[in-house]
Structure formats: structure tokens, C-alpha cells
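> Sharing a sequence plus its predicted fold:
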Amino acid sequence: MALNNTYDARLQQETAVGAGVQILLLALLGSAIGMGPAGWLTGLVFAFATWAVLSRALHRSRLSSFGPANRVTLGRATLVGGVTALVADSFESAPPVTLLVGLTAVALLLDGVDGKVARRTGTSSALGARFDMEVDAFLILVLSVYVSTRLGPWVLLIGGMRYAFVAAARVAPWLNAPLPPSFARKTVAALQGVCLLLAGADLLPPPANLAVVLLSLGSLVWSFGRDVVWLWRNSSMGDGGCSVADGVGEQVVGEPLVRELELAAR
């Protein structure tokens, strides 16, 4: 029991350090661009929510150590918190596009690094995969909000589709069945961040930005639609209990579909 308490205390220290680094990043952004109340409040809420949810998940997971891969993901979460604050601040003043694009680009480039680190160090875990997924999903949601201010509210469908699917799975449990691995699904997932970043960077003329985001939304609808049809057909045949490998290379039986539809699988 004492050893478990020691492990838990160390894990809580890791999350506290993460929250502290997030606040430090907000302070740096605030001093650099004069971030307003909306940006500060949103950034602080993100930091607190990340700390609270991750601390609870770590306590329930009984992990003996936080692990290098989760540290990489926590670093990415810190960058996403900065992007979130900048997007919130953009509703009050002109956003620093270069800074926003820079933070987002680094967060996207680091996607997949945590998975490689986990595999090489033998520290893959269900919690790590879920943590990675949630960071990716939230970044796509935030980018959708930002791009929607330029192209229209329909862009929010990109960021909201994954959350709508999770809500639908509560009503239709057959959506929680496992899916077979799919390279196409992973490709579409990775495409979302790249397309939204490109549109948000304003490097292309407006018609091209519109085409890029439409491509992103169309591919996502196709990917989700294909998986939903597959799940429905297999649920009708009573064949939803097969085992498939998730993004971290572990075998899962009956794991929720959200682990298969993660926006950037490990």
C-alpha cells in the first residue's frame, strides 16, 4: 500500500509539473502579444481541466510510472493549451497567425512521436493511447473553431464529429465494437490537422482554403460513414466480439470504438 501511494504521489507530481508549464507558456504568450481576458481564462481552464482529468485517470490506472511517452503527450497538450488560448483571444483581437501556426505545427509534428517512444521503451498503455487521442481530438476541435470564423460554422462539423460519435455510442452500444486496423482511417485522421492548419495559415487564396477544408470534411465523413456501416453490418450478424489491434499494438477485446477512431493512432 505504501509503495502504491509513493507511485501515485510521483504521478501526481508529473501532472502538476505539466500544469505549471502550461501556465508558464500562457505567461509567455501574454507578455508577447498582450493576451486578453478570454485567452487567459480559456488557457487556465484548459490547464486545470487537463490536470484534473489526467490526475484522476492516472490514479485509476494504477500505473507504476508516468513514462517518457506520456511526457511527450503532455508536452503536446501544453502546446494545444497555448493554441486554445490564442484562438479564444482571436475573438477579441487580431490573432498572431505566425505564432498560432507555429505552435500548431509543432504539436502536429510531434504527433506519433509519443507512440514510437512508447513502443521503443516498452511503456505502451491504454491510458497513454487514450491521452494521445484526446489531445489530438481537442486540437482538431480548436482548429475547427478558428477556421469556422473565416469559412463558416459548417467547419465545426470536422471538430465535432468525433464527439458526436461518442455521444451516439451511448445510445447505440453497437458503435462501441472494435474495428479492424485501417491505414485509410489513420491517413484521413492525420489529414484533418494538416488541412485545418493550412486553411488557418492563410497561405492560399480563399477559394483554395475552402477546397482544402471541404476535402478534409468529405474524407472524414467517408471514413466515419464506412466504419459505421461496417459496425452496423457486423452487429446485425452478431459478429462484434472479434479482437483487433489498436494503435499501440496491443490486443483489445470489446474496447470502445473511440480508441480505433483516434485522430492520430499511436
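Now that the structure is in, tell me what you want to look at.

> in the stretch 51-200 of the chain, which spans are strands?
Counting by DSSP state E, counting those that start in this stretch, one finds no strands in the stretch 51-200 of the chain.

> Could I get the full set of helices for the stretch 51-200 of the chain?
With DSSP state H, counting those that start in this stretch as the criterion, the stretch 51-200 of the chain has helices at 68-89, 97-109, 113-121, 126-151, 156-171, 183-201.

> Report all helices and strands that the shortest one contacts.
Judged by 3 or more Cβ pairs under 8 Å, 6 or more residues apart in numbering; DSSP states H and E, helix 113-121 is in contact with helix 68-89, helix 126-151. C-beta: built from backbone N, CA, C; applies to glycine.

> Now with 6 Å, please.
helix 68-89 (3 or more Cβ pairs under 6 Å, 6 or more residues apart in numbering; DSSP states H and E).

> Kindly report the same for the fourth one.
With contacts defined as 3+ Cβ pairs under 6 Å, 6+ apart, the secondary structure elements packing on helix 126-151 are helix 68-89, helix 156-171, helix 183-201.

> Would you convert these into CSV that also reports distance to Gly128 and mean neighbour count?
Below are these laid out as CSV (distance: least, Cβ to Cβ, whole Å; neighbours: other Cβ atoms under 10 Å):
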stretch, distance to Gly128, mean neighbour count
helix 68-89, 5, 24
helix 156-171, 18, 15
helix 183-201, 17, 19
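
> Include mean pLDDT and distance to Trp232 when you put the ones you listed into JSON lines, please.
Formatted as JSON lines, those follow (pLDDT from 0 to 100; distance: least, Cβ to Cβ, whole Å):
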{"stretch": "helix 68-89", "mean pLDDT": "94", "distance to Trp232": "32"}
{"stretch": "helix 156-171", "mean pLDDT": "95", "distance to Trp232": "12"}
{"stretch": "helix 183-201", "mean pLDDT": "93", "distance to Trp232": "17"}
